[in-house]
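Q: model the following, please.
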Amino acid sequence: MPSPRVMGDMILLPNGAEVAIINGAADGTAGWEAASTPNYAPVIYRPDHSPGDRFEEQAATAVPRLYHSSVVLLRDGRLLVGGSNPHIYYNFSDVRFPTELSLEAFSPEYLDPSNDMLRPRILNPSPTGAAASVTYGAKLALKFSVPASARRRRRGGAGGGGGLGVVSVTMVAPSFTTHSFAMNQRLLVLEVAKTAAVRGLAGTYYVSATMPATAVLAPPGYYMVFVVNGHIPSEGIWVHIQ
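A: Have a look, this model is predicted:
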C-alpha cells in the first residue's frame, strides 16, 4: 500500500473491479485516543492489475477520521463518509481530535466528468420508482442508454456502437459499516445475455441479467443493481429479491 493504515474501511465499488480503502490512521490501535496520525488519503485497490500497479492514492480529505469512522456506498456511486475519533463521550474541545459530526462524499474516478459520456443510464426499471421485485433465478430486463454511443450514431458512425464497451451487471447489498468492518458486504456479478440495441433509439440498449439462484448467494432483501460499461457504473436501481 502507498502508506501504513490501521482501522481503515474497505468498500467494494459497484463496477466489480475496485475496492476503496478510506479513513483510519497510519499508526496506533483501535480504541479511544490510541491512534495519533490520521491517514487522510483514500486509496483505490484494483486486484486485477499487475503487482506494483494495484494501489492508487486519491485526493486527501482535511478531516481526521480515526476510530469508529464509517463509509457506505450510495446509489449514485459515491461513498458517504463519516465519523472521527469519538472519545468516551462527545468531546468537541480540549482534545487533539474533537468529535466530528460532519459528513463528506467521496467520488471515485468513474464519476469524473470526463467519464460522463460513457456512463450508462438505466431507463427501465425506473431509478426513481419503487424497488423492482425479483425472484431467485429469474431474468431482469434492463433498458439503458450510453450518451457517447448515441452521439456516434447521430454522426453516422457504423452501427452506433461507439462508447459501448464490455457490459456487465452487478448487484450490491447495502452494507452496514462500523469498527472498520462492512457488515454483510456483498457484491455479485450477474450472468448477462448479449446486449442488444433498441431499434430506433440511438445509444439505447437492452441487457438481460439472471438473478442469483438461491438465498445462499443473495439473502432475501433489498439490493442495488448497476449496469457497468467497461469500468464505469450507472446510477443504481433498487431491487427486492425474495
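Q: look up phi and psi at the closest residue to Glu56 other than its chain neighbours.
A: Using CB to CB, 6 or more residues apart in numbering and skipping the chain neighbours, the partner closest in space to Glu56 is Ile44 (4.8 Å). For the C-beta atoms, the positions are set from N, CA and C on the backbone; glycine is no exception. Dihedral angles phi and psi of Ile44 (degrees, to the nearest 10) take the values phi -100, psi 130.
Q: contacts only, for Ile44.
A: By CB atoms under 8 Å, 6 or more residues apart in numbering, the contact list for Ile44 reads Leu13, Glu18, Val19, Ala20, Ile21, Phe55, Glu56, Gln58, Pro108, Glu109.
Q: please apply the same query to Gly221.
A: Neighbours of Gly221 in contact, by CB under 8 Å, 6+ apart: Ala173, His240, Ile241, Gln242.
Q: just the buried ones from the residues you listed?
A: Buried residues within the contacts of Gly221, counting neighbours by 16 or more other CB atoms under 10 Å: Ala173, Ile241.
Q: how near is the residue nearest in space to the middle of the chain to Pro233?
A: By CA atoms, centre = their mean, the chain has its centre lying nearest to Leu13, at 3.2 Å. Distance of Leu13 to Pro233, given as CB to CB, to the nearest Å: 8 Å.
Q: list residues touching both of these two?
A: Common neighbours of Leu13 and Pro233, using CB under 8 Å, 6+ apart, are Gly77, Tyr110.
Q: on that earlier part again, out of the contacts of Gly221, the closest to Val189 would be?
A: Ala173 (13.4 Å; CB to CB).
Q: Val225 is in contact with the closest one, correct?
A: No: assessed by CB atoms under 8 Å, Ala173 is found out of contact with Val225, at 11.1 Å.
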